[in-house]
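Asker: compute the structure for the input listed below.
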Amino acid sequence: MNSSKKNISLLLVLLVAFIDYMGIGLVYPMFSSMVFHAEFALLPEGTSNSVRGFYLGILLAAMPILQFFSAPLLGALSDQRGRKSVLTMSLLLGVLGYALSFFSVVNQNIYLLIFSRVLVGISAGSAAVVAAAIADLSTSTTKARNYGFYGMACGVGFTVGPFLGGMLSEVSILGLRGFSLPFLLSGIITFVNLLLVFFFFYETHFKWIKQKLNFSMALTNVKKAFHMPEIRGLIFCVFVFSFGWSFFYEFAPVTWITDYHISASTLGMLYAFAAFFYAISSGFLIKPVVNRFSEYRVLFYGLLSAGVYILLLLAKPSLFWLWIYLPFLNFLISLLFPTSTAMVSNLAGESKQGEILGILQSMQSAAFALSPLTSGALVGLSINMPIIVGGLCMFIAAGVLVKFLKEKIFV
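Answerer: Model (predicted):
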């Protein structure tokens, strides 16, 4: 494949990553408002806060739970059938999911909305295919850089998502208004990406392998991950810091709404501002760090720094200082996800990129799913629990890394 075709294919898979993370970020400023604001009748008036919290957890967890199951299946399927056909199929499912989201919000049906998140979650399993395609398109010297661009695409998606969710939920366009508009726009963008992949994406994987595929591969892969000595410590480390970051980023708004009394639109802008710096950091600002130090040292010291920095929020800075604080935190987080993905990819064989990166995506999705399902009770203990759990998980992940990979960190 010549360089122009490689660049086109890389650009298109980065666009897929952008859409996946836009779909994740979209819900942060919206779902809390949709579930807890009485004027939006998604739940009957008089529904208790504990029941509302339960439904909020389901809405937040549905996508990563299904991504947990679909990522290894789609990753392995792309090893067997090629990347293009699997990406096309997953994008089509994403279009259907966002269309159903739009319909369910217009009709204020929470059960259809939950089901729509199931479809979007299955579609988001394409993250494993995207990661594998990036590996196909990279050399050993360009892999870390390309995964940095991958992190940047995810960051831009997470920048646009909260902005759309917060701002469009408060406007009216062509007779449509409220929370339905962001889902409509997401469906249109996903459909355009589907057309681009179908017509312009060049296949990147030709050494097809055959293996038995089933929906239980995610559970099998969890077991497999912990029986692979070369990656089990790294995979477990990723699981722990992903859980901590998910807990913090999903439920910190509960803390901030209580402390600062901010609206959905302000919250959306705050998330978009922070995610913008994540995107810039992933694409550009982290380069001097990852070029100078080994991946293992970057991940270890990045975890320690992020743990300290998250716990600093217990000092309760003013809202003004929160705007200054979040960009620096997102710079530290931008060191973690691209670096760990490149490390896992480097440990996988050429023919197993989809499978191994599918395992990694499954473990991240499991962490993102477990967080909202377990956090309700913890947040009930203390409004500061997102900060405490988020910071401590970074320290625990650093400890796991030392336990399994000490000789590669302190060389």
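Asker: can you tell me how far Met30 is from Val105?
Answerer: Distance of Met30 to Val105, computed by CB to CB, to the nearest Å: 9 Å. Any C-beta I mention is one placed from the backbone N, CA and C, and that applies to glycine too.
Asker: list residues touching both of those two?
Answerer: Phe179 (CB atoms under 8 Å, 6 or more residues apart in numbering).
Asker: buried set for the longest helix seen in the chain?
Answerer: Counting residues, the longest helix in the chain under DSSP state H turns out to be helix 49-81. Judged by neighbour count using 16 or more other CB atoms under 10 Å, the buried positions of helix 49-81 are 52-53, 55-81.
Asker: same thing with stretch 226-242?
Answerer: 231, 233-242.
Asker: what average pLDDT does that stretch get?
Answerer: For stretch 226-242, the mean pLDDT works out to 83.
Asker: please apply the same query to stretch 252-271.
Answerer: 75.
Asker: endpoint to endpoint, that stretch covers what distance?
Answerer: 11 Å (CA to CA, to the nearest Å).
Asker: what ranges does the stretch 151-300 of the chain have for its helices?
Answerer: 180-200, 217-225, 232-260, 264-280, 287-292, 295-311 (DSSP state H, counting those that start in this stretch).
Asker: off-centre distance for the fifth one?
Answerer: Going back to what we said before, that points to helix 287-292. Centroid displacement of helix 287-292 relative to its chain, using CA atoms, centre = their mean, to the nearest Å, is 23 Å.
Asker: that helix packs against which elements?
Answerer: helix 143-168 (3 or more CB pairs under 8 Å, 6 or more residues apart in numbering; DSSP states H and E).
Asker: what residues of the helix it packs on count as buried?
Answerer: 143-168.
Asker: got the angle for it vs helix 295-311?
Answerer: 30 degrees (axes from the mean of the first three to the mean of the last three CA atoms, to 10 degrees).
Asker: quick check: mean pLDDT across helix 143-168?
Answerer: For helix 143-168, the mean confidence score works out to 77.
Asker: any low-confidence regions in the stretch 51-200 of the chain?
Answerer: Applying pLDDT under 70 to the stretch 51-200 of the chain flags residues 169-177.
Asker: one more time with 80
Answerer: Under the criterion pLDDT under 80, the flagged ranges of the stretch 51-200 of the chain are 51-54, 56-57, 139-145, 148, 151, 155, 158-179.
Asker: which parts of the stretch 1-150 of the chain are helices?
Answerer: Assignment of helices within the stretch 1-150 of the chain using DSSP H, counting those that start in this stretch yields the ranges 3-26, 28-36, 49-81, 83-106, 110-123, 126-136, 143-168.
Asker: reformat the ones you listed as TSV; add distance to Phe276.
Answerer: Putting the helices of the stretch 1-150 of the chain into TSV (distance: least, CB to CB, whole Å) gives the following:
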stretch	distance to Phe276
helix 3-26	11
helix 28-36	15
helix 49-81	22
helix 83-106	23
helix 110-123	23
helix 126-136	21
helix 143-168	5
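Asker: so which of those gets nearest Ser294?
Answerer: Ser294 sits nearest to helix 143-168 of all those, at 10.8 Å, using CB to CB.
Asker: could you figure out how far that closest one is turned away from helix 3-26?
Answerer: Using the same axes, to 10 degrees: helix 143-168 against helix 3-26 is 40 degrees.
Asker: how big is the angle separating helix 143-168 from helix 264-280?
Answerer: Using the same axes, to 10 degrees, helix 143-168 lies at 170 degrees relative to helix 264-280.
Asker: chain center to helix 143-168: distance?
Answerer: Worked out by CA atoms, centre = their mean, helix 143-168 lies 9 Å from the chain centre.
Asker: packing partners of it?
Answerer: Helix 143-168 packs on helix 3-26, helix 28-36, helix 126-136, helix 180-200, helix 264-280, helix 287-292, helix 319-334, helix 337-347, going by 3+ CB pairs under 8 Å, 6+ apart.
Asker: export these as TSV, with columns for mean neighbour count and distance to Phe247.
Answerer: As requested, these are exported to TSV (neighbours: other CB atoms under 10 Å; distance: least, CB to CB, whole Å):
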stretch	mean neighbour count	distance to Phe247
helix 3-26	21	15
helix 28-36	24	13
helix 126-136	29	20
helix 180-200	19	24
helix 264-280	22	16
helix 287-292	13	26
helix 319-334	18	13
helix 337-347	23	16
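Asker: turn these into JSON lines, columns for distance to Lys403.
Answerer: Shown next, in JSON lines, are those (distance: least, CB to CB, whole Å):
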{"stretch": "helix 3-26", "distance to Lys403": "30"}
{"stretch": "helix 28-36", "distance to Lys403": "33"}
{"stretch": "helix 126-136", "distance to Lys403": "25"}
{"stretch": "helix 180-200", "distance to Lys403": "41"}
{"stretch": "helix 264-280", "distance to Lys403": "28"}
{"stretch": "helix 287-292", "distance to Lys403": "23"}
{"stretch": "helix 319-334", "distance to Lys403": "22"}
{"stretch": "helix 337-347", "distance to Lys403": "16"}
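Asker: ok, the closest residue in space to Leu303 that isn't next to it in sequence - contacts?
Answerer: Leaving aside its sequence neighbours, Leu303 sits nearest to Ala398 (CB to CB, 6 or more residues apart in numbering; 4.0 Å). By CB under 8 Å, 6+ apart, the contact set of Ala398 is 237, 300, 303-304, 307.
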